[in-house]
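Q: Return atomic coordinates for the entry below.
(2 chains)
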Number of protein chains: 2
Amino acid sequence: MVEENWYESIRGFLVDITGVLYNSGGIAIDGSILAVNRLYSESNVRFVSNESSSTREGICTMLRKLGFESIQPDHIFTPAPVAAKYVTKHGLSPHLLVHNNVLSEFSNCINSPNGRPCVVLADAESDLDFINMNKAFRVLHSSSNPLLITLGNGKFYHRADQGPCLDTGAYASALKFAVEDAGRCCEHLVIGKPEETYFMSAVEDLGLTKEQVVMIGDDISGDVDGAQKVGIKGIQVRTGKWRPEWEKHPTIKPELIVDNLLEAVALILDSQQRIKN
Amino acid sequence: MVEENWYESIRGFLVDITGVLYNSGGIAIDGSILAVNRLYSESNVRFVSNESSSTREGICTMLRKLGFESIQPDHIFTPAPVAAKYVTKHGLSPHLLVHNNVLSEFSNCINSPNGRPCVVLADAESDLDFINMNKAFRVLHSSSNPLLITLGNGKFYHRADQGPCLDTGAYASALKFAVEDAGRCCEHLVIGKPEETYFMSAVEDLGLTKEQVVMIGDDISGDVDGAQKVGIKGIQVRTGKWRPEWEKHPTIKPELIVDNLLEAVALILDSQQRIKN
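A: Okay, the predicted model is just below:
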């Protein structure tokens, strides 16, 4: 195998969670527990997720039950607490259409009734029904300066029990289509991948530069393209929401396409090992 | 009042239903019954609606109960029967996400299992939930050549009991956002306003040319702009989903903005009357 020169410079890994560590529905992906253990013992890692149906503590507890015993809650980055800070900082009056499980992340910022109205939209799953979507729409529709904040902006994700499901970006698209016309714009703030500030918060937490880390994910847009646009190397795994046609994607060229997280981790860490020895 | 020259050439009226004849929830708009009676006795009229939660017979029965006694079912144009014909003609295998009330319009075309898969999406109201939207998404997601047919493509509509509600175009936007990426397109066929063939089917049914008719509606995009792009004059009413900022819309300039249907009808027919006398 030809080894890539850039393997040597990698000092930290940004790893997506759903579709990379485990398949939603609750099965650890082959080799991913071993991969995470190697990352903790031989390198540095942060988990950069757009998961917004669970708190960081909830995700950590779930991952530990699946066998990822080394993962710390502080190493998990999710959009909800970042959004809650943003809402508080800007004195907004948020209408929340988020999963019940993450409502607690917003407990300190739901009462700024005179602030700028906004909708905070996330993957609320079965709460994304006609009544709740209309309530969110009316907040934007009646605002002179509509603001939509979304936790991530994904197209879809896989649920082991159901198959592909529409993600937050799809519902954001519905709201924007209805609110916007030629004379009217809906400001849309995405908190999560593929936004630069979100990737960089994890990079900075590692104490590294973006040239020293690699992002590994199953979403060619949000993970790979998002990271590459920021200047972070992006590795695509053939797990989770992977689609075979991405093998020859017309515009997005991952640094590597690998079968799973373990293959990516082994390629880079084994190469570094060989150079050391 | 300065009379417009074009009033004289008008031989037929295309009239939107919801928000122009009545407000959804079931109240006839002031003057609209009188206006429809004048249109039937002094001119020609077709009702061009994107209504897709009721059959033409159902709409006619409802309108007659509200007092529109002269309206005939054959004079009502709705997208569902047009879509059903399209599906049959092209041998498609449709997945229907439409209102229960209009399922009967599709009873002759739901069994072409080897045809091209497509989703037929309409204002299915409370059926537009997370589970049903995901089912529709999976049909498109798994197709090598995804086709979405929508009954209209509206942004929103008003319900007297609830207020503004997301319309079909918003949900279409959600599906397309999730299905499309740089390497993949979702074909989207709109059946209804503002599509030219839909307007023209009503114009032709009147036996007139597009220069001889005027479209009167409450939706500045679907009704007014849609008609004008086809070469049909467009009148905006200040009822239904009317918004005050449309008075000075940056790009869409209706031929007239009037308080309601009766004002539009009286302006044109009274002017013609004066010229005759």
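
Q: which residue ranges form the helices in the stretch 101-250 of chain A?
A: Per DSSP state H, counting those that start in this stretch, the stretch 101-250 of chain A carries helices over the ranges A:130-141, A:168-179, A:196-205, A:226-230.

Q: residues in contact with the helix or strand of chain A with the lowest mean pLDDT?
A: Across the helices and strands of chain A, mean pLDDT, DSSP states H and E gives its lowest value to strand A:156-159, namely a mean of 84. By C-beta atoms under 8 Å, 6 or more residues apart in numbering or on different chains, the residues outside strand A:156-159 that reach it are A:18-19, A:23-25, A:123, A:164-167, A:170, A:240-241, B:137, B:141, B:178. For every residue, glycine as well, the C-beta is placed using N, CA and C.

Q: Tell me the strands beside it, with direction?
A: Applying DSSP bridges, strand A:156-159 is found paired with strand A:163-166 (antiparallel).

Q: Can you give me the buried ones in the partner strand?
A: Residues of strand A:163-166 classed as buried by neighbour count (16 or more other C-beta atoms under 10 Å in any protein chain shown): A:164-166.

Q: One more: stretch A:99-113?
A: Going by 16+ other C-beta under 10 Å, stretch A:99-113 has these buried residues: A:99, A:101-102, A:105-106, A:109-110.

Q: filter these by proximity to chain B?
A: Of the residues in those, proximity to chain B by C-beta under 8 Å from any C-beta of the partner chain holds for none.

Q: Dump these into JSON lines; add pLDDT as well.
A: As requested, the buried residues of stretch A:99-113 are exported to JSON lines (pLDDT from 0 to 100):
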{"residue": "A:99", "pLDDT": "96"}
{"residue": "A:101", "pLDDT": "93"}
{"residue": "A:102", "pLDDT": "94"}
{"residue": "A:105", "pLDDT": "89"}
{"residue": "A:106", "pLDDT": "91"}
{"residue": "A:109", "pLDDT": "71"}
{"residue": "A:110", "pLDDT": "59"}
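
Q: Counting neighbours, what do you get for residue A:86?
A: Using other C-beta atoms under 10 Å in any protein chain shown, residue A:86 is surrounded by 18 other residues.

Q: Chain neighbours aside, what residue packs nearest to it?
A: residue A:191 (6.6 Å; C-beta to C-beta, 6 or more residues apart in numbering or on different chains).

Q: Once you drop chain neighbours, what's closest to residue A:143?
A: residue A:117 (5.0 Å).

Q: Which strand residues bridge the one you found?
A: On the basis of DSSP bridges, residue A:117 is bridged to residue A:93.

Q: Between the two ends of stretch A:96-106, how far is it?
A: Terminal residues of stretch A:96-106 lie 9 Å apart, using C-alpha to C-alpha, to the nearest Å.

Q: How about stretch A:153-169?
A: Start-to-end span of stretch A:153-169 (C-alpha to C-alpha) is 4 Å.

Q: Check the residue nearest the centre of chain A and give its pLDDT.
A: Centroid-nearest residue in chain A, with C-alpha atoms, centre = their mean: residue A:50, separated by 2.6 Å. You'll see residue A:50 listed with a pLDDT of 91.

Q: The residue lying closest to it once chain neighbours are set aside and residue B:213: what is the separation?
A: Leaving out its chain neighbours, the residue that sits closest to residue A:50 by C-beta to C-beta, 6+ apart is residue A:152, at 3.2 Å. Distance of residue A:152 to residue B:213, computed by C-beta to C-beta, to the nearest Å: 48 Å.

Q: I'd say residue A:250 and residue B:182 touch.
A: Yes: using C-beta atoms under 8 Å, residue A:250 is in contact with residue B:182, at 5.6 Å.

Q: got the buried residues for the lengthiest helix in chain A?
A: Taking DSSP state H as the criterion, chain A has its longest helix at helix A:261-276. The neighbour-count check on helix A:261-276 (16+ other C-beta under 10 Å) flags A:261-269, A:271-272 as buried.

Q: Contacts for that helix next, please.
A: Contacts for helix A:261-276 (C-beta under 8 Å, 6+ apart): A:3-4, A:7-8, A:10, A:13, A:15, A:20-21, A:29-32, A:34-36, A:38-39, A:42-43, A:214, A:216, A:235, A:237, A:239, A:256, A:258.

Q: Would you mind checking those for buried ones?
A: A:7, A:10, A:13, A:15, A:20-21, A:29, A:31-32, A:35-36, A:38-39, A:43, A:214, A:216, A:235, A:237, A:239, A:256, A:258.

Q: if we can go back for a sec, next up, the contacts around the residue nearest to the centre of chain A.
A: Counting by C-beta under 8 Å, 6+ apart, residue A:50 touches A:78-79, A:151-152, A:154, A:168, A:192-193, A:222.

Q: how about 6 Å then?
A: A:152, A:154, A:192-193 (C-beta atoms under 6 Å, 6 or more residues apart in numbering or on different chains).

Q: Tell me the one among those nearest to residue A:231.
A: For the contacts of residue A:50, the minimum distance to residue A:231 (C-beta to C-beta) is 14.5 Å, reached by residue A:193.

Q: and the residue lying closest to that closest one once chain neighbours are set aside, what pLDDT?
A: Nearest residue to residue A:193, sequence neighbours excluded (C-beta to C-beta, 6+ apart): residue A:222, at 4.5 Å. Residue A:222 carries a pLDDT value of 90.
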